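Peer 1: Output the structure for:
(2 chains)
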Number of protein chains: 2
Amino acid sequence: MKHNFGAGPCILPQEVFGQAAAAVLDFNGLSILEVSHRHKDFVAVMDEAIELVKKALNVPSGYSVAFLQGGATLGFTIAALNMQRKHQKAGYINTGTWASGAIKEAKKAGLEVLEVASSQDANFTYIPKEFSIPSDLDYLHYTSNNTIYGTQFKAAPRTALPLVCDMSSDIFSKEINVSDFDLIYAGAQKNLGPAGATLYIVKDEILGKSTASFIPTYLDLKQQIDKESMLNTPPVFSVFVSMLNLRHLLANGGVQKQEELNMAKANLLYKEIDENPSFKGAVQVEDRSLMNVTFLLSDPNKASIFDAMWKDAGIVGLPGHRSVGGYRASMYNALPLQSVQVLVDVMKEFNRIG
Amino acid sequence: MKHNFGAGPCILPQEVFGQAAAAVLDFNGLSILEVSHRHKDFVAVMDEAIELVKKALNVPSGYSVAFLQGGATLGFTIAALNMQRKHQKAGYINTGTWASGAIKEAKKAGLEVLEVASSQDANFTYIPKEFSIPSDLDYLHYTSNNTIYGTQFKAAPRTALPLVCDMSSDIFSKEINVSDFDLIYAGAQKNLGPAGATLYIVKDEILGKSTASFIPTYLDLKQQIDKESMLNTPPVFSVFVSMLNLRHLLANGGVQKQEELNMAKANLLYKEIDENPSFKGAVQVEDRSLMNVTFLLSDPNKASIFDAMWKDAGIVGLPGHRSVGGYRASMYNALPLQSVQVLVDVMKEFNRIG
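Peer 2: So this is what the prediction gives:
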C-alpha cells in the first residue's frame, strides 16, 4: 500500500481507478478510448460531467461550464484574452510561480499588468491581505492556492472588479461562492480528474466582450461554450474520469463533506508540525494551505534519516518543490486520513529516536 | 464482437487497451493516472514515446518531437504563429473542412492567406494537382488526408517553400519523408493514441524565427521543445497509451508493414465498391483515401435496409459525416482486415437480395 502525497497529477479514489480501467476494456461494447466524441454515449458523458460540476459547486444560472485542454498555462492566456476590456490593464495578486506565470502571459497578450499585491518580499510565504485596487482595471486575477509554497486564500479578495481565479489546486476541496467570480479556470489533475482536461466556469455575461485584437478560435470561450466543449475532439478519457470522480464526490457528501475531511487531515498534520520539535512549518500560520502542507526539518542534517523512514512507510511524493526544498505533503480530496496518520506516526517516531 | 469503422477517436490494438487498463490499476505500484509527470517513471514514458515516434517515421537528425494538447484546431494557430516570416503571407491548399479551418486560423493570426489551390468547385471530391506556388510566401500548408470527404494526397506537394502539414488522420499509416517538411502536426486520436495529445514534428531550424507579434508561451514550439514537452503538465495518460501503441506498431513490422496492411484493406473495400452495382465511390478514384473510404448507395431509398444489415453484423461508425451523407468506412491502422471482410460480405449480401 502506497500513500501518495504527490502534488499532481495526484491520487483519485480507488473506486474511480477501478471504473476507469473497466471502461478502457469495455464501455458499452467498445473501449472508452475508441468511442467517437460525437457518439451519444460520450455526449451523455460530457453533459453529465458539466452537470455534476454545476451541482458540486452550486453554480448559479447565468454561468456555463466547459472542458478544454492545455492546463492552467494555456488558461493564463485564455483568461487574459477573454477578459480584456477598454482599460487594457489588469490587476494581479502575485503569490508565486503560478501567479507570476499568469502575469507573464497577460503581458504577452498585450495587457498592462498592475501587481496590486505581492508576497515576493518574503519568498511567497504568506498571502497579501491589505492592499488597494484601482478601479481602472479590466479585471482582478489571483491564484487561490499555491502548490509550491503551500499558501492558500481563505476567502476570495473583495473587489468590485470582475474577478478571475486560477483554482487549479483547490477547486472541489471546499465550498466556494461561484457568483463572486466572472471566470474560474482549473487544470483537472488535482481534485477533478487525470491530467489532460482543464475546467472553465464562466459568467455568460463576459462572453463575446473581449477587446483583444486576436483570439484564436480554440482560446475563445464564447465559441467553446457555444459548441458545448465539442469545438474539436475533447480529451475524451480525461473528461470521462472527471465525471466518474464527480459522481464519487457527490455520492459521498459532496464538497461540503469533503471540506470537513480536508480540514481534519490538515489539522492532524499541522498539529504535528507545530508540536513536534523536529519540524517547523514553512509559511505563515494563517495562510497555510489545506491542500499542500509545506514543512522543514529543524535539523536539515537529518534529512537522510527522515527520508528513509517515510519511504519505508510506503509514502511517496513527499519532497518539496525543487525551488523551495524541505517537504510538501499534498493532501488532495482522495488522500485518506489514514495516509496522513501514517505520515504523522513517522514524524513522531523520527522525533522519538532523535 | 464489434467492428469499429469510426472516424476518430478510433480503434486501437486490443493489446494496447489491455495494457492501458492494467496501468490504470497498477503502474509501478500506483495508477498511471496518479503518477506525477515529473516522476522518473513518467519521464521515461515521455522519452520513449518521443524516441518511438522518431524510430517509426525515420525522423532525421535536426528534427524534434513534442506532445502538446489542443488537437489540430490549436495546431492551426500554432502552425501559423510559429511559421510566420517576413512575407506575413502563406499558401494553403484547400481540400475541405480541416484545410478551411487552418486557413481561418492563419488569417486570425494576422497572415495574408493565398489559396494556391482548392477543390471546392467539386465539393472537395478530389485533390488539386496542377497549380503554381508563388515564391513570396512564408510557407505552404496542406492537409494530407481529408477524413470527411475521403481524399488523400498520395505524395507531398513539391515546393521550395517551407512545407507544413496537418497529418492528423494518416500519420503512421504509411512511410513519409520527414525531411520534406518543416512542420508536421497531428491529433493523436487516429493512428497514434487516445484523444487528448497532439504530436508535433519540427525542423529545429524553424524554432525561434517567427515574426509574429504575440505568441503565448504554450503555443511557442521553441519553448515547448526546450522543455521537452514538460512546459506544464502534459496529457499523461494519452502520451502513455501513445507510447504503448507505438511499441505495438514497431513490434509488428512498423509503418512499412502497416502500409501494406492498409493497402490490402483499402483494395478489398474499393474493389467491392467498384464491382458491386449497389454502391459507388464518392470521390475521384486516384485521390481515394486509404484511411476513410467514402461511398454511396446507387439507390439511396434502400438505406434503411443496408443500415439494418451492417448493424446486425456488429459494424459501428459507418454513417458518413453529416455534411456529406452516404457512408464512410474509416480503416485506421488497428482495424483488422477481418472487419473489412465483414463489411464486404454485407455489401455482397445486400446486392444479392437486391
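Peer 1: quick one: residue A:113 from chain B, how far?
Peer 2: Plainly put, residue A:113 is 15 Å away from chain B if you go by C-beta to the nearest C-beta, to the nearest Å. Backbone N, C-alpha and C define where each C-beta goes, glycine included.
Peer 1: what does residue A:177 give?
Peer 2: On the measure of C-beta to the nearest C-beta, residue A:177 and chain B end up 27 Å apart.
Peer 1: Okay, buried residues for the strand or helix carrying residue A:105 please.
Peer 2: Following DSSP states H and E, one finds residue A:105 within helix A:97-108. Under the neighbour-count criterion of 16 or more other C-beta atoms under 10 Å in any protein chain shown, helix A:97-108 has A:97-103, A:105-106, A:108 buried.
Peer 1: Restrict those residues to those that also contact chain B, please.
Peer 2: Under the cut-off given by C-beta under 8 Å from any C-beta of the partner chain, chain B has A:101, A:105, A:108 from these close to it.
Peer 1: ok, which stretches of the stretch 51-200 of chain A are strands?
Peer 2: A:63-68, A:89-94, A:112-118, A:140-143, A:145-146, A:151-152, A:163-166, A:183-187, A:198-203 (DSSP state E, counting those that start in this stretch).
Peer 1: For the one residue in the stretch 201-350 of chain A that gets nearest to chain B, the count of nearby residues, please.
Peer 2: Relative to chain B, the nearest point of the stretch 201-350 of chain A is residue A:235 (3.5 Å; C-beta to the nearest C-beta). Close neighbours of residue A:235, defined as other C-beta atoms under 10 Å in any protein chain shown, add up to 33.
Peer 1: Which residue, other than its chain neighbours, is closest to it?
Peer 2: residue B:196 (3.5 Å; C-beta to C-beta, 6 or more residues apart in numbering or on different chains).
Peer 1: And for residue A:138?
Peer 2: That would be residue A:85: by C-beta to C-beta, 6+ apart, it lies 4.1 Å from residue A:138.
Peer 1: The residue of the stretch 201-350 of chain A closest to chain B: what's it in contact with?
Peer 2: Shown in contact with residue A:235 (C-beta atoms under 8 Å, 6 or more residues apart in numbering or on different chains): A:67, A:69, A:196-197, B:69, B:195-196, B:235, B:238.
Peer 1: Now do the contacts for residue A:50.
Peer 2: Counted by C-beta under 8 Å, 6+ apart, residue A:50 has contacts A:65-67, A:228-229.
Peer 1: doesn't it fall inside a strand?
Peer 2: No: Residue A:50 is assigned helix when assessed by DSSP: H, G, I helix; E, B strand; the rest coil, not a strand.
Peer 1: Need the per-residue pLDDT for it.
Peer 2: Per-residue pLDDT puts residue A:50 at 98.
Peer 1: Kindly report the same for residue A:323.
Peer 2: 83.
Peer 1: tell me the contacts of it?
Peer 2: Contacts of residue A:323 by C-beta under 8 Å, 6+ apart are A:97, A:148.
Peer 1: neighbouring contacts of the helix holding residue A:105?
Peer 2: Counting by C-beta under 8 Å, 6+ apart, residues outside helix A:97-108 touching it are A:72-73, A:76-77, A:79-80, A:90, A:92-94, A:113, A:115, A:124, A:141-143, A:146-148, A:166, A:168, A:323, B:214-217.
Peer 1: PyMOL command for the buried members of those residues?
Peer 2: Of the contacts of helix A:97-108, the buried ones go into a single PyMOL selection, burial set by 16+ other C-beta under 10 Å:
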select buried, (chain A and resi 72+73+76+77+79+80+90+92+93+94+113+124+141+142+143+146+147+148+166+168) or (chain B and resi 214+215+216+217)
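Peer 1: Can I get the ones next to chain B among the buried residues of helix A:97-108 in CSV including pLDDT?
Peer 2: Listed next are these as CSV, based on pLDDT from 0 to 100:
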residue, pLDDT
A:101, 98
A:105, 98
A:108, 97
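Peer 1: of all these, which comes closest to residue B:307?
Peer 2: Minimum distance to residue B:307 across those is 49.2 Å, recorded for residue A:105 (C-beta to C-beta).
Peer 1: What sits closest to that closest one if chain neighbours are left out?
Peer 2: Residue A:105 sits nearest to residue A:76 (C-beta to C-beta, 6+ apart), 3.7 Å away.
Peer 1: Could you pull up the contacting residues of that neighbour?
Peer 2: Per C-beta under 8 Å, 6+ apart, neighbours of residue A:76: A:101-102, A:104-106, A:166, B:216.
Peer 1: try it again with 10 Å
Peer 2: A:70, A:98-99, A:101-106, A:108-109, A:141, A:166, A:185, B:216-218, B:232 (C-beta atoms under 10 Å, 6 or more residues apart in numbering or on different chains).
Peer 1: same thing with residue A:94?
Peer 2: Applying C-beta under 10 Å, 6+ apart, the residues near residue A:94 are A:100, A:102-103, A:113, A:115-120, A:124, A:128, A:141-143.
Peer 1: Nearest to residue B:252 among the residues you listed?
Peer 2: Among these, residue A:102 lies closest to residue B:252 (C-beta to C-beta), at 45.2 Å.
Peer 1: mean confidence score for stretch A:334-341?
Peer 2: Rounded mean pLDDT across stretch A:334-341 is 98.
Peer 1: List the buried residues of it.
Peer 2: Neighbour-count burial for stretch A:334-341 [16+ other C-beta under 10 Å]: A:334-335, A:339-340.
Peer 1: could those go into CSV alongside secondary structure and distance to residue A:270?
Peer 2: Converted to CSV, the buried residues of stretch A:334-341 look like this (DSSP: H, G, I helix; E, B strand; the rest coil; distance: C-beta to C-beta, whole Å):
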residue, secondary structure, distance to residue A:270
A:334, coil, 20
A:335, coil, 15
A:339, helix, 15
A:340, helix, 10
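Peer 1: Next, format those as TSV and append distance to residue A:312.
Peer 2: Listed next are these as TSV, based on distance: C-beta to C-beta, whole Å:
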residue	distance to residue A:312
A:334	23
A:335	19
A:339	15
A:340	17
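Peer 1: of the residues you listed, list those near chain B.
Peer 2: residue A:334 (C-beta under 10 Å from any C-beta of the partner chain).
Peer 1: Chain B: which of the contacts of residue A:94 is nearest?
Peer 2: Distances from chain B to these, taken by C-beta to the nearest C-beta, are shortest for residue A:102, at 11.0 Å.
Peer 1: any idea how far residue A:170 is from the closest one?
Peer 2: Distance, residue A:102 to residue A:170, by C-beta to C-beta, to the nearest Å: 16 Å.
Peer 1: Equivalent analysis for residue A:346, please.
Peer 2: Applying C-beta to C-beta to residue A:346 and residue A:170 gives a distance of 26 Å.
Peer 1: Leaving out sequence neighbours, find the closest residue to residue A:106.
Peer 2: Per C-beta to C-beta, 6+ apart, closest to residue A:106 is residue A:80, 4.0 Å.
Peer 1: residues in contact with the one you found?
Peer 2: A:90, A:92, A:102-103, A:105-111, A:113, A:138-139, A:141, A:164, A:210, A:212, A:219, B:216.
Peer 1: rerun that using 6 Å as the cut-off
Peer 2: The contact partners of residue A:80, by C-beta atoms under 6 Å, 6 or more residues apart in numbering or on different chains, come to A:105-106, A:109, A:111.
Peer 1: As TSV, these with distance to residue A:133 would be great.
Peer 2: Below are these laid out as TSV (distance: C-beta to C-beta, whole Å):
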residue	distance to residue A:133
A:105	21
A:106	16
A:109	20
A:111	16
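Peer 1: May I have the phi/psi pair for the nearest residue to residue A:74 once chain neighbours are set aside?
Peer 2: Spatial nearest neighbour of residue A:74, excluding adjacent residues (C-beta to C-beta, 6+ apart): residue B:218 at 4.4 Å. Taking degrees, to the nearest 10, you get phi -60, psi -30 for the backbone angles of residue B:218.
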